[in-house]
Structure formats: structure tokens, C-alpha cells
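Undergrad: quick one, what's the 3D model for this:
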Amino acid sequence: MIWLLWLSVAVGLMASAEDLWRREISNVVTASAFVVGVVLNGYLDGWDGVVSSLLGGVIGFAVFLLFFVVGGMGGGDVKLMAAFGAIIGKEQVITAAVMTALVGGVMALAFLGYRKIRRLVTKPGPELGEQPDRKLFIPYAPAISLGVLLSFLSEEKLWTNV
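TA: Numbering: from 1, shown residues only. All right, here's what the predicted structure looks like:
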């Protein structure tokens, strides 16, 4: 369990850094994390670990695919959740998705609040030729990563190994 936590931290940091600076998450990070997650779970729990890992990846992908289809998130976010699903397995992936939604909601409110305050301070009124607001970009990899890490707190197995 502790190896899965450390792997999640490493993947979360890499994906979050990419999402914040490049506004995308590379396939190298997500595909590598998926493969390492399956292999590590197989090493730790045998074939049961491999099956749980693959199901976790499919569940993570399927849940976030719905949001991608309606335009709520990018493809990298979907692949990242699939990779995390492969790392944490089928038992924990739904908890991680719920935690991610909560963290993402708080982040979205913070971004919107910041945007509103910035607009009030820098531009008190509309200016001639001002373009309508562009779509708000919120990097979601930090929310996914934090949601996954928070899901470890709900796992009793973690506390027995610490």
C-alpha cells in the first residue's frame, strides 16, 4: 500500500506540473503510470492485483470520459484518472473520483473568485473593443492528484503500514 501511495505522489506531481505549465498531460506520464500501476499491483497481490488494477483503470477512465464528452475536461485528465485507477485499484477508484470532484469544485470556486476580483480591480468598467470572456481554463491534474491522495486517507490498510 505504501508503494502505491508513493507512486501516486510521484505521478501526481509530474502530471500537475505539466498541466500547470503546458496545459496538457503527456501520454508518457499517463501510460507509464498505468503500466507501472498494473505491474506493481501484480507484484504485490498477484493476479488479483492485476485484475483490480485493470478494472480500476477502466472505471477511472469511464467515469471521467462522461465529463470529457460534455466538454468539462480534457483528454489528459481522463487518461490520468485511468492511470490512477490502475495504481489504486477498483476498490479505491470511486472514492478517489468523489474526492477529486470535491477538490475540483473548491478549486473552480477559487479560480472564479480570483477572476472576478482581478476583473474588478484591473478593469472597473467595460472598454471599447473588449472581447467577451474566453473559456476559463482550470488545470484539473492537481485536483485529480489531491483527490487520489485524499482517498488514501480513507483506506484502513494505509494506517496499518505507517
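
Undergrad: mind listing what's buried along the helix or strand containing L109?
TA: Assigned by DSSP states H and E, L109 belongs to helix 90-122. Of all the residues in helix 90-122, those buried under the rule 16 or more other Cβ atoms under 10 Å are 90, 92-93, 95-97, 99-100, 103-104, 107. Bear in mind the C-beta positions are built from the backbone N, C-alpha and C, glycine included.

Undergrad: likewise for stretch 71-79?
TA: Buried residues in stretch 71-79 (16+ other Cβ under 10 Å): 73-74, 76-79.

Undergrad: identify the residues contacting it?
TA: For stretch 71-79, contacts defined as Cβ atoms under 8 Å, 6 or more residues apart in numbering pick out 15, 19, 24-27, 30-31, 61, 64-65, 67-68, 140-141, 144.

Undergrad: of those, which is the nearest to R115?
TA: Taking Cβ to Cβ as the measure, R115 sits nearest to Y140 out of those, at 16.3 Å.

Undergrad: returning to that earlier point: least confident pick among the contacts of stretch 71-79?
TA: Here the lowest pLDDT out of these sits on F67, with 89.

Undergrad: now the buried residues of stretch 71-79 as JSON lines including secondary structure, pLDDT and distance to R115?
TA: Shown next, in JSON lines, are the buried residues of stretch 71-79 (DSSP: H, G, I helix; E, B strand; the rest coil; pLDDT from 0 to 100; distance: Cβ to Cβ, whole Å):
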{"residue": "M73", "secondary structure": "coil", "pLDDT": "88", "distance to R115": "18"}
{"residue": "G74", "secondary structure": "coil", "pLDDT": "91", "distance to R115": "19"}
{"residue": "G76", "secondary structure": "helix", "pLDDT": "94", "distance to R115": "22"}
{"residue": "D77", "secondary structure": "helix", "pLDDT": "95", "distance to R115": "20"}
{"residue": "V78", "secondary structure": "helix", "pLDDT": "96", "distance to R115": "25"}
{"residue": "K79", "secondary structure": "helix", "pLDDT": "97", "distance to R115": "27"}
